[in-house]
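Q: everything below, folded, please.
(one chain, ligands or ions: 1)
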Amino acid sequence: MIFPIEKLIGAAAAAREKAYAPYSHFKVGAAILTKEARYYTGCNIENASYGLTCCAERVALFKAVSNNERDFEAIALTAGTSEFCSPCGACRQVLAEFGPNIKVYMANKDGEYVMKSVAELLPDLFKIGSCQENRPLDTTSP
Ligand code: THU
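A: As a prediction, this is how the structure comes out:
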């Protein structure tokens with residue numbers, strides 16, 4: 001799959017312009033790329049009840065998943081800052097649901113980036129399989 005990372009970062013930067021961030025004034029954009037070279041964008045969407053804010057990465061991922069996408073190659077994000085924008089812990093866990101090998105391109109305002117995999121960003125992630133003993137009892141069996 002050939003897809004220019006610069007294009008994905010450009011899509012994230014364009015999505016950032018649409019951010020709804022009246023409280024923090026910190027705008028973030030993201031673009032997530034499927035293995036079949038489709039991409040979906042997202043921006044952060046804040047709320048007067050601050051904790052209900054959704055990050056750009058999750059907006060992009062949820063748009064993709066709700067379009068029946070499951071296999072992801074990469075995600076790019078930018079906050080238009082001179083620093084590389086790194087995903088928050090919640091977004092790391094949500095990305096991990098769809099694979100530890102997703103590449104995360106963390107870009108700055110100049111389009112420069114660093115890349116790390118989800119597994120690198122979130123070692124020892126929470127998995128349901130690692131807590132099988134806590135699963136509810138199967139009430140249908142005798
Ligand atoms: N934000 C993101 O969109 N992605 C991140 O990974 C970190 C934070 C947003 C949430 C909030 O709207 C603003 O940045 C300030 O925290």
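
Q: SS state for the residue nearest the centre of the chain?
A: Centroid-nearest residue in the chain: residue 57, 3.2 Å away (criterion: Cα atoms, centre = their mean). The three-state label for residue 57, taken from DSSP: H, G, I helix; E, B strand; the rest coil, comes out as helix.

Q: okay, it: pLDDT?
A: In this prediction, residue 57 carries a pLDDT score of 98.

Q: that one contacts residue 98, doesn't it?
A: No: assessed by Cβ atoms under 8 Å, residue 57 is found out of contact with residue 98, at 11.6 Å. From N, CA and C alone the C-beta is placed, and that goes for glycine too.

Q: measure the closest residue to residue 87 other than its chain neighbours to residue 64 for me?
A: Closest residue in space to residue 87, ignoring its immediate chain neighbours: residue 57 at 5.3 Å, by Cβ to Cβ, 6 or more residues apart in numbering. Note on residue 57: its distance to residue 64, by Cβ to Cβ, to the nearest Å, is 11 Å.

Q: identify the contacts common to the two.
A: Residues touching both residue 57 and residue 64 comprise residue 32, with contact defined as Cβ atoms under 8 Å, 6 or more residues apart in numbering.

Q: residues in contact with the residue nearest to residue 87?
A: Going by Cβ under 8 Å, 6+ apart, residue 57 touches 28, 30, 32, 42, 75, 77, 87, 91, 94, 95.
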